[in-house]
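Engineer: Have a look at this prediction, sequence included:
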Amino acid sequence: MSLQNITVIGAGTMGNGIAHVFAQHGFRVILVDVNATQLEKAVQTIDKNLERQVSKGALTAEQKQQALANLSTETDLTKGAGGADLVVEAATENIDLKLKIFSQLDGIAPAGAILASNTSSISITRIAAATKRPGLVIGMHFMNPVPVMKLVEIINGYATQAEVTEKIVALSQQLGKMPCVVNDYPGFIANRILMPMINEAICSLYEGVAGVEAIDTVMKLGMAHPMGPLQLADFIGLDVCLSILNVLHNGFGNPKYAPCPLLVNMVTAGKLGVKSGEGFYTYT
Ligand code: CAA
């Protein structure tokens, strides 16, 4: 079965970016969210980001219009996923919510449809176990900002069928992305390596080794990272960083993944980075 009808669940930053790239590459996309206002905002964001690509000469105005024509929205999961060849779930990073969504999707999506999750750290094997089709469940982890970042980290759950992985690899290439296939262990690869670096940067600040600007400048100019680790943590969301570090810490039982107390304090105080207006930097 070719994958042509794509349903994306969740109209937040990741969901709108994922819907954007599928629509841009000629797929029929239904973006589903329970919140109609969030869906409206997502379509406006996609329009704005497509326009950014037009102004850079990466897309023509006609290609932008075609991408928008490929996209529709839906608040009802049954209507949104009933005809899907592939569902990509990008809902809030909450295990109970994801298990509920996958259990519902299993009853709604056509029998052969592939169910993918954009989770950054929740076990694909556990998500798959909420369905009666664990062989058709896989991780499809996009990076933010999705239209720009080339990687799709593809995560094989314990039961994921080899032909499902092959299809998702080929599909990611059709989106102009570079797929990397990994196995289902805490943090997969991206966050198993990224989060300890961010945590170490926060601990360096906490211990007074250097200030925010110095830490970020060392990594930007010394290691050619586009953003320093503290700016990147603000961009990802400090609550998300904390939750992924907890997954690593609990999953491996190794103290090297213990979140820095400063990170825990900042999240407790509601300093979550860009989305709350303040993290290591302030945002207006
Ligand atoms: N849609 C379309 N295009 C976009 C865009 C979007 N949402 N955001 C940026 N762009 C484009 C810009 O138009 C620009 O295009 P050109 O190169 O053609 O000019 C290009 O991307 C760069 O953007 P800017 O000039 O505005 O800004 P910048 O040079 O500072 O780059 C950045 C911004 C791409 C975000 C860069 O800072 C960067 O790469 N940062 C690191 C991002 C990163 O590490 N992401 C992964 C986070 S981890 C994650 O997502 C997973 C997880 O599980 C936590």
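Structural biologist: Received, thanks.
Engineer: Give me the pLDDT value at Thr284.
Structural biologist: As predicted, Thr284 sits at a pLDDT of 88.
Engineer: Please tell me how far the residue nearest to it when sequence neighbours are not counted sits from the ligand.
Structural biologist: Among residues not flanking Thr284 along the chain, Gly277 sits closest, at 7.4 Å (CB to CB, 6 or more residues apart in numbering). Just so you know, the C-beta spots here come from the backbone N, C-alpha and C atoms, and that holds for glycine as well. According to CB to the nearest ligand atom, to the nearest Å, Gly277 stands 18 Å off from the ligand.
Engineer: now Phe27
Structural biologist: 17 Å.
Engineer: Over to Leu39?
Structural biologist: Distance from Leu39 to the ligand, by CB to the nearest ligand atom: 18 Å.
Engineer: For the longest helix seen in the chain, output the C-alpha coordinates as CSV.
Structural biologist: Using DSSP state H to define each element, the chain has its longest helix at helix 36-55. Presented in CSV, the C-alpha positions along helix 36-55 are these (Å, rounded to 0.1, in the frame of the first residue of the first chain):
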residue,chain,number,x,y,z
ALA,A,36,-10.2,24.3,16.8
THR,A,37,-8.4,27.5,17.8
GLN,A,38,-5.1,25.7,17.9
LEU,A,39,-5.8,24.3,14.4
GLU,A,40,-6.5,27.8,13.1
LYS,A,41,-3.2,29.0,14.6
ALA,A,42,-1.4,26.0,13.1
VAL,A,43,-2.6,26.7,9.6
GLN,A,44,-1.6,30.4,10.0
THR,A,45,1.9,29.2,11.1
ILE,A,46,2.2,26.8,8.2
ASP,A,47,1.2,29.6,5.8
LYS,A,48,3.8,32.0,7.3
ASN,A,49,6.6,29.4,7.2
LEU,A,50,5.7,28.5,3.6
GLU,A,51,5.8,32.2,2.7
ARG,A,52,9.2,32.4,4.3
GLN,A,53,10.3,29.6,1.9
VAL,A,54,8.8,31.5,-1.0
SER,A,55,10.6,34.7,-0.1
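Engineer: Just the terminal-to-terminal distance for stretch 56-72.
Structural biologist: 25 Å (CA to CA, to the nearest Å).
Engineer: Name the residues that touch that stretch?
Structural biologist: 19-20, 22-24, 26-31, 43, 46-47, 50-51, 53-54 (CB atoms under 8 Å, 6 or more residues apart in numbering).
Engineer: what's the neighbour count on the closest residue to Gly26 other than its chain neighbours?
Structural biologist: Distances taken as CB to CB, 6+ apart place Asn70 nearest to Gly26, at 6.7 Å, with adjacent residues excluded. Number of residues near Asn70 (other CB atoms under 10 Å) recorded here: 17.
Engineer: one step back: state the next helix or strand along the chain beyond the longest helix of the chain.
Structural biologist: helix 61-69 (DSSP states H and E).
Engineer: can you give me the strands in this protein?
Structural biologist: Ranges of strands in the chain, per DSSP state E, are 5-9, 28-32, 71-74, 86-89, 114-117, 137-142, 151-156, 178-183.
Engineer: can you redo these as TSV with mean neighbour count?
Structural biologist: What follows is these, written out as TSV (neighbours: other CB atoms under 10 Å):
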stretch	mean neighbour count
strand 5-9	26
strand 28-32	24
strand 71-74	19
strand 86-89	25
strand 114-117	26
strand 137-142	26
strand 151-156	22
strand 178-183	16
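Engineer: Using TSV, please lay out these together with mean pLDDT and distance to Lys256.
Structural biologist: Supplementary listing: those in TSV, determined by pLDDT from 0 to 100; distance: least, CB to CB, whole Å:
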stretch	mean pLDDT	distance to Lys256
strand 5-9	98	34
strand 28-32	98	39
strand 71-74	98	43
strand 86-89	98	30
strand 114-117	98	27
strand 137-142	98	23
strand 151-156	98	22
strand 178-183	98	20
